[in-house]
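A.B. asks: Next input, structure requested:
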Amino acid sequence: MGVKPVPKPKKKAAAGPNAATAEEAEALVDQKDDLVSAHTWKPIKRSFLRSSPLENSGVYLLSELPMPVLHMEYDWAVKKKNVRLFIWVLVSLVFVIAELETAFDTTTYRYKVQERCEILKACNSFITTMLLYYLYDYYDYQVAGAKKEWYKSLYDGENPGPMPTFGMYFPNFFLEFIILAIHCVPYSDFRFWTDVTGAQKPFISDKLNSLCLLRLYTVIRVVRDYTPIYSRRRLVYDGGYRERGGPEINYKLAMKANMTIHEGVFVAITYFSSLIVLGYIYHCCERDWQPEVFTLVNCIWLTAFNFAAMDFNSMSPMSEFGTLVAMMVIVWGLIILSMLVNVIFNAVVLTSYEGWAIDWLNQYELCEEERQASAEVLALWWNQKQEVKLKGAKQDGGESEAAYLIRLVRSYKKLREVSYLINRNNPDANVDPMTEIMINMKDDLRGLAEKMLGQEDAKIADDEPDPVALPIPEDTSQFIIPEMSVVEQTAAMAARVAQMEEVQSTVLRKIEQLYEQQKGTPPPQ
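C.D. replies: Reported below is the predicted structural model:
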């Protein structure tokens with residue numbers, strides 16, 4: 001029954017007449033705790049050759065075991081029923097293919113009436129009857145499980161709605177019943193229909209047996225039962241899945257999980273198995289009409305091209321049965337084609353790890369560009385300071401100083417543009433020491449802004465916070481200082497950058513005007 005939680009160690013009972021009773025009571029409590037946590041067990045791995053009373057819908061409905069235990073037994077019983085149904089389907093297909101190949105005469109290219117074929121049809125009819133019985137047993141067990149859940153909700157004081165009945169499952173049951181029931185019964189291929197040419201046609205052709213291959217749909221439930229997300233869905237429910245509004249975990253999610261985890265293998269198996277199954281059906285329904293064209297190999301190629309809604313070798317069905325199969329192939333091909341497109345799309349689209357690698361490299365290159373821009377700004381400022389220190393200020397009416405300030409503002413503006421693109425999730429850890437050396441250059445810009453704009457407007461360009469702050473009381477435990485959200489911090493940063501850009505543009509414009517007034521020509525670009 002999988003791995004169970006380790007039972008609690010038993011305490012040593014006190015000596016006396018009630019010692020055995022105390023030990024039994026404590027063991028019973030431990031066992032009850034173990035059963036209640038049955039959802040944490042691994043799925044039951046009991047052999048399908050063994051049986052359980054809880055496989056019966058009536059016994060399951062009347063059982064008084066804890067619901068977690070019943071859930072685990074229910075899943076095992078459903079898995080056994082689906083595996084048994086699929087095995088019977090495989091056995092029926094052996095008789096179907098044997099009957100089709102035996103009845104077809106490769107000389108006259110006609111399906112002939114033979115006694116041995118009728119025996120094979122009788123065996124297939126018996127297996128079909130068993131399949132229909134097992135199908136009803138499966139849905140009856142589904143109804144019993146739904147009723148058990150309904151009674152549990154009712155006893156817990158909830159409003160479970162109307163009681164589940166077989167009628168709620170009847171549409172799905174009826175659809176599967178039709179698919180499993182389609183087959184050619186014994187002695188139904190007698191010559192009855194006469195066409196316009198006077199040829200005698202069978203009442204029910206043996207070609208109808210080729211549709212028995214559609215019974216392979218039962219493999220979907222087998223795959224579903226062995227998918228972890230479905231087999232352990234009770235554990236997911238206990239984790240709050242339904243409380244968050246999650247829908248029922250069924251075969252759809254199981255198929256999606258398999259396609260997501262094993263995408264290439266899942267699509268490849270579905271594609272090639274569909275080619276073989278539908279190609280063989282094509283071959284059986286048209287080989288008595290066009291035997292030289294509709295060979296098995298050509299039919300498989302035709303199916304592959306029909307999946308893409310394309311023609312192959314000018315092949316087209318002539319019989320009504322072949323036309324019906326062609327329409328079925330095209331409809332299924334649309335589903336297969338969408339799977340292939342999804343595989344190709346996922347192969348092209350970046351994964352989360354690949355996207356992270358590219359984003360990280362982009363941020364690293366921006367940091368390199370920021371360092372280069374910082375070096376250019378510092379080099380420009382340092383060269384100017386050294387030149388003034390060694391040679392003194394030039395007596396050219398302020399032209400050289402204006403040109404220097406224009407280049408300095410442009411370089412600094414480029415630096416700020418690059419810095420703004422860098423995603424600094426931790427500013428304290430990402431502080432660049434080179435940026436801290438730029439404090440003297442910032443003082444120069446601040447002094448220039450004060451001369452041209454005034455002291456109040458120049459404060460906008462300050463990177464440092466306002467030194468005037470409210471006094472913080474000694475006992476701050478009674479106050480809660482709300483922190484700004486990420487959205488508010490982003491909006492504030494964007495507003496601050498916009499103000500700084502406006503100030504820098506104003507300073508640059510003033511300097512250009514000053515240069516033009518002194519020189520009479522626009523400043524060099």
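A.B. asks: hey, where'd the strands end up in the stretch 1-150 of the chain?
C.D. replies: Assigned by DSSP state E, counting those that start in this stretch, the strands in the stretch 1-150 of the chain fall at 104-105, 110-111.
A.B. asks: looking at those, which is buried most?
C.D. replies: Neighbour counts averaged per stretch over these are highest for strand 110-111, at a mean of 18; criterion: mean count of other C-beta atoms under 10 Å. Backbone N, C-alpha and C define where each C-beta goes, glycine included.
A.B. asks: Could you list the paired strands of that one along with their orientation?
C.D. replies: Strand pairing for strand 110-111, determined by DSSP bridges: strand 104-105 (antiparallel).
A.B. asks: gap between the strand it pairs with and the chain center?
C.D. replies: The gap between the average C-alpha position of strand 104-105 and the chain average comes to 48 Å, counting by C-alpha atoms, centre = their mean, to the nearest Å.
A.B. asks: ok, residues contacting that strand?
C.D. replies: Applying C-beta atoms under 8 Å, 6 or more residues apart in numbering, the external contacts of strand 104-105 come out as 110-112, 206, 284, 287-288.
A.B. asks: on that earlier part again, I'd like the strands of the stretch 1-150 of the chain written out as JSON lines, with mean pLDDT added.
C.D. replies: JSON lines is the format used below for those (pLDDT from 0 to 100):
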{"stretch": "strand 104-105", "mean pLDDT": "88"}
{"stretch": "strand 110-111", "mean pLDDT": "86"}
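A.B. asks: Any idea which of those gets closest to G167?
C.D. replies: Within the strands of the stretch 1-150 of the chain, the stretch nearest G167 is strand 110-111; the backing value is 40.6 Å (C-beta to C-beta).
A.B. asks: Okay, buried residues for the helix or strand harbouring Y412 please.
C.D. replies: Taking DSSP states H and E as the criterion, Y412 maps to helix 399-421. By neighbour count, and taking 16 or more other C-beta atoms under 10 Å as the criterion, the buried residues in helix 399-421 are 401-409, 411-416, 418-419.
A.B. asks: Using CSV, list the CA coordinates for it.
C.D. replies: Backbone C-alpha positions of helix 399-421 (Å, rounded to 0.1, in the frame of the first residue of the first chain) are rendered in CSV as follows:
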residue,chain,number,x,y,z
GLU,A,399,34.5,80.5,-23.9
SER,A,400,36.6,77.5,-22.9
GLU,A,401,34.7,77.2,-19.6
ALA,A,402,31.4,77.2,-21.4
ALA,A,403,32.6,74.6,-23.9
TYR,A,404,33.9,72.5,-21.0
LEU,A,405,30.5,72.7,-19.2
ILE,A,406,28.6,71.8,-22.3
ARG,A,407,30.7,68.6,-22.8
LEU,A,408,30.5,67.9,-19.1
VAL,A,409,26.7,68.1,-19.0
ARG,A,410,26.3,66.0,-22.1
SER,A,411,28.6,63.3,-20.7
TYR,A,412,26.8,63.3,-17.4
LYS,A,413,23.4,63.1,-19.0
LYS,A,414,24.6,60.1,-21.0
LEU,A,415,25.8,58.5,-17.7
ARG,A,416,22.4,59.1,-16.0
GLU,A,417,20.6,57.6,-19.0
VAL,A,418,22.6,54.4,-18.8
SER,A,419,22.3,54.2,-15.0
TYR,A,420,18.5,54.5,-15.3
LEU,A,421,18.4,51.4,-17.5
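A.B. asks: So which elements touch that helix?
C.D. replies: With contacts defined as 3 or more C-beta pairs under 8 Å, 6 or more residues apart in numbering; DSSP states H and E, the packing partners of helix 399-421 are helix 352-391, helix 439-453, helix 486-519.
A.B. asks: to the chain's geometric centre, what's the distance from that helix?
C.D. replies: Mean-position distance between helix 399-421 and its chain equals 49 Å (C-alpha atoms, centre = their mean).
A.B. asks: Could you give the average pLDDT over it?
C.D. replies: When pLDDT is averaged over helix 399-421, the result is 83.
A.B. asks: Next, the angle helix 352-391 makes with it.
C.D. replies: Using axes from the mean of the first three to the mean of the last three C-alpha atoms, to 10 degrees, the interaxial angle of helix 399-421 with respect to helix 352-391 works out to 160 degrees.
A.B. asks: what's the angle between helix 399-421 and helix 486-519?
C.D. replies: Computed by the same axes, to 10 degrees, the angle between helix 399-421 and helix 486-519 is 160 degrees.
A.B. asks: so where's this protein shaky on pLDDT?
C.D. replies: Low-confidence regions of the chain, defined here as pLDDT under 70, cover residues 1-39, 191-200, 393-398, 425-487, 489-490, 493, 497, 524-525.
A.B. asks: how does it divide up, domain by domain?
C.D. replies: The chain is divided into the following domains under automatic domain parsing: 44-226, 262-349, 352-463+484-519.
A.B. asks: And the first one, end to end?
C.D. replies: Terminal residues of domain 44-226 lie 11 Å apart, using C-alpha to C-alpha, to the nearest Å.
A.B. asks: now it: how far from the chain's centre is it?
C.D. replies: 31 Å.
A.B. asks: what do you get for the shortest one?
C.D. replies: Centroid displacement of domain 262-349 relative to its chain, using C-alpha atoms, centre = their mean, is 27 Å.
A.B. asks: Can you give me the end-to-end span of it?
C.D. replies: Domain 262-349 has an end-to-end distance of 17 Å (C-alpha to C-alpha).
A.B. asks: which SSE is the residue most central in space within the chain in?
C.D. replies: For the chain, the residue sitting closest to the mean C-alpha position, by C-alpha atoms, centre = their mean, is T260 at 5.8 Å. Using DSSP H and E, the element containing T260 is helix 251-261.
A.B. asks: Against which helices or strands is that helix packed?
C.D. replies: Counting contacts by 3+ C-beta pairs under 8 Å, 6+ apart, the secondary-structure elements packed against helix 251-261 are helix 219-226, helix 228-231, helix 263-286.
A.B. asks: again, only using 10 Å
C.D. replies: Counting contacts by 3 or more C-beta pairs under 10 Å, 6 or more residues apart in numbering; DSSP states H and E, the secondary-structure elements packed against helix 251-261 are helix 219-226, helix 228-231, helix 263-286, helix 320-348.
A.B. asks: what's the closest of those to E99?
C.D. replies: Nearest of those to E99, taken as C-beta to C-beta: helix 263-286 at 10.8 Å.
A.B. asks: What residues sit buried inside the closest one?
C.D. replies: Applying a neighbour-count criterion of 16+ other C-beta under 10 Å, one finds 266-267, 270-271, 274-275, 277-286 buried in helix 263-286.
A.B. asks: Looking at the residues you listed, which is nearest R215?
C.D. replies: V277 (10.3 Å).
A.B. asks: Chain neighbours aside, what residue packs nearest to that closest one?
C.D. replies: Setting aside the residues directly before and after it, V277 is nearest to L213 in space (C-beta to C-beta, 6 or more residues apart in numbering), at 5.0 Å.
A.B. asks: Pull the contacting residues for the one you found.
C.D. replies: Residues touching L213, when contacts are defined by C-beta atoms under 10 Å, 6 or more residues apart in numbering, comprise 89, 92-93, 96-97, 276-278, 280-281, 284.
A.B. asks: picking up where we left off before, how about the contacts of strand 104-105, which pair is most distant?
C.D. replies: With distances taken as C-beta to C-beta, the most widely separated pair in the contacts of strand 104-105 is K112 and C284, at 14.5 Å.
A.B. asks: thinking again about what came up before, redo the domains of the chain as CSV? Include distance to E248.
C.D. replies: CSV is the format used below for the domains of the chain (distance: least, C-beta to C-beta, whole Å):
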stretch, distance to E248
domain 44-226, 11
domain 262-349, 22
domain 352-463+484-519, 28
